[in-house]
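Q: Next one to model:
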Amino acid sequence: MKPAIKIGSCGFPVNQLKYFTKFKLIEIQQTFYRPPEADTLKKWRLLAPASFEFSLKAWQLITHPSSSPTYRRLKDEIPEKAKANFGFFKPSDEVFFAWKTTRKAAQILKTAFILFQCPASFKPTAENIKNFRSFFKKIKREKFLFIWEPRGNWEEGEIKSLCRELNLIHAVDPFKAKSQFGRINYFRLHGKKGYYYRYKKEELLALKELCRKPINYVFFNNISRWEDASNFKKLI
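A: Numbers count the residues shown, from 1 in each chain. Okay, the predicted model is just below:
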């Protein structure tokens, strides 16, 4: 059977209506910085075709510590005494509040996927792994597929073991790493030389060959994501 390859971008690179006419898939980024209001999410779901697929990125309060520069876009002021309670899947009220907010956004968008992208500072320490396990064992999976994109110095065996134990799909940039676990491929292309990289035709052809599982989700996350996703779609 020929593999199914589904193509989209991380975030809207053009206005939503234009995007919905060309692609059938997107990964929402706003939910990472600060989840939009319910009315905004409902509008996106109504504007999109019924068959359109949303994925979303979990709120940074779950994955990233309050010292992360990404918190500059949070807008909410964090009390000094609470700063240590955020990120790294800590068993805190703040982290589980962020999960409930993420979960509500996913329900409104009727998404199958929730991506947990970790910073490089989330290292495989005993405490981090303990909190990581506890978080995924405590939250309700419902019909969601949980995607994990670790960064930093994680061994392949550690990633595979945790993904198998917790039923997580390992997200990778296929030009930089190999997926260690998951019945689907969940590819996030960050640019071979960084965000400003634009993919060449031969690289897109190589990407097509890497989509070997029965279902492959391919998200472009570079500055030319609209053009690169469009060119990849033509090749498919």
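Q: Name the nearest residue to residue 140, sequence neighbours excluded.
A: residue 103 (7.9 Å; Cβ to Cβ, 6 or more residues apart in numbering). Yep, even glycine has a C-beta here, placed from its N, CA and C like the rest.
Q: give the contact list for the one you found.
A: Residues counted as contacts of residue 103 (Cβ atoms under 8 Å, 6 or more residues apart in numbering) are 114, 139-140, 142, 144.
Q: Now for those residues: which two are most distant?
A: 114 and 140 (11.8 Å; Cβ to Cβ).
Q: Name the residues of the longest helix along the chain that are buried.
A: The single longest helix within the chain, with elements called by DSSP state H, is helix 93-109. Using 16 or more other Cβ atoms under 10 Å as the test for burial, helix 93-109 gives 94-96, 98-99, 101-103, 105-106, 108-109.
Q: Throw those into TSV and include distance to residue 214, thanks.
A: Listed next are the buried residues of helix 93-109 as TSV, based on distance: Cβ to Cβ, whole Å:
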residue	distance to residue 214
94	39
95	34
96	34
98	33
99	30
101	33
102	28
103	28
105	28
106	24
108	29
109	24
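Q: Could I get the full set of strands for this protein?
A: For the chain, the strands defined by DSSP state E occupy 4-10, 25-28, 53-57, 113-117, 145-149, 169-172, 185-189, 215-220.
Q: Give the rounded mean pLDDT of the longest helix of the chain.
A: The pLDDT scores in helix 93-109 average 98.
Q: again with stretch 182-198
A: pLDDT averaged over stretch 182-198 gives 96.
Q: So which residues make contact with that stretch?
A: With Cβ under 8 Å, 6+ apart as the test, stretch 182-198 has contacts from 10, 27, 113, 115, 145, 147, 149, 163, 168-176, 179, 199, 203, 207, 210-224, 227-228.
Q: Next one: the residue nearest to residue 140 from residue 27, what distance?
A: Plainly put, residue 103 is 17 Å away from residue 27 if you go by Cβ to Cβ, to the nearest Å.
Q: same thing with residue 101?
A: 18 Å.
Q: and what of residue 19?
A: Distance check for residue 19 against residue 27: by Cβ to Cβ, it reads 12 Å.
Q: Show me which of the two is the more surrounded one.
A: residue 27 (26 against 21; other Cβ atoms under 10 Å).
Q: which residue ranges form the helices in the chain?
A: Along the chain, the segments classed as helices by DSSP H run 16-22, 30-33, 38-47, 60-63, 93-109, 126-138, 156-166, 201-210, 225-235.
Q: The residue nearest to the spatial centre of the chain and residue 57, how far apart?
A: In the chain, the centroid-proximal residue (Cα atoms, centre = their mean) is residue 115; its distance is 3.3 Å. Applying Cβ to Cβ, the value for residue 115 to residue 57 is 5 Å.
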